[in-house]
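Trainee: Generate a structure from the sequence data that follows.
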Amino acid sequence: MATTIDAFHRNVPAESAFGYAQAVRSGTLIHASGQFSYDDAGEFVHADDFGAQLGQTYVNMDAILDHYGATRKQIVSQTVYVVGLRQNGAALMAGNPAYYGDHRPANTVLGVTELAFPGQFVEIAFVVDTTLPA
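Mentor: Take a look at the predicted model:
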């Protein structure tokens, strides 16, 4: 069975520099690269503000979902990278259920030393199964 790949780009400068897509749809699965706090111009925003970064990260996740006609309820797993996990864990624990409602994807949270940009605290990669009910 042949599978086509549909790559989604948002013209974030790092896409060209690192050679990646924001998301790739292969068959019924969408694999989203780590999303973080960037604006429509692809510039990192909200340095040193975990709550604002998390909110913008969710906005960027929604942009990928919208592109593919998917919903949050179709996200089956996420991997969250957090700088300062002990300091920012409570905000993440509040933000995640607020974003997902009663949907509960598989979840892995990793505390890391640093991310790509100075002042960046969070990045979320996720997988969507488009065969699930929206």
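
Trainee: what mean pLDDT does the longest helix that the chain contains have?
Mentor: If you go by DSSP state H, the chain has its longest helix at helix 50-68. Taken as a whole, helix 50-68 has a mean pLDDT of 98.

Trainee: what does that helix contact?
Mentor: 6, 8, 10, 22-23, 25, 30, 32, 35-39, 45-46, 71-72, 74-75, 84, 87-88, 91-92, 95, 99, 120-124, 126, 128, 130 (C-beta atoms under 8 Å, 6 or more residues apart in numbering). Placement of C-beta: from N, CA and C, glycine included.

Trainee: just how off-centre is that helix within its chain?
Mentor: Its chain's C-alpha centre and that of helix 50-68 lie 6 Å apart, by C-alpha atoms, centre = their mean, to the nearest Å.

Trainee: Just the CA coordinates for the next helix or strand after that helix, please, in CSV.
Mentor: Sequence order places strand 75-83 as the next helix or strand after helix 50-68, per DSSP states H and E. What follows is strand 75-83, C-alpha atoms only, in CSV (Å, rounded to 0.1, in the frame of the first residue of the first chain):
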residue,chain,number,x,y,z
ILE,A,75,-3.8,13.8,19.7
VAL,A,76,-2.7,10.4,21.0
SER,A,77,0.6,11.3,22.5
GLN,A,78,2.8,14.2,23.4
THR,A,79,6.4,14.7,24.6
VAL,A,80,7.0,17.9,26.6
TYR,A,81,10.5,19.3,27.2
VAL,A,82,10.7,21.7,30.1
VAL,A,83,13.6,23.8,31.4
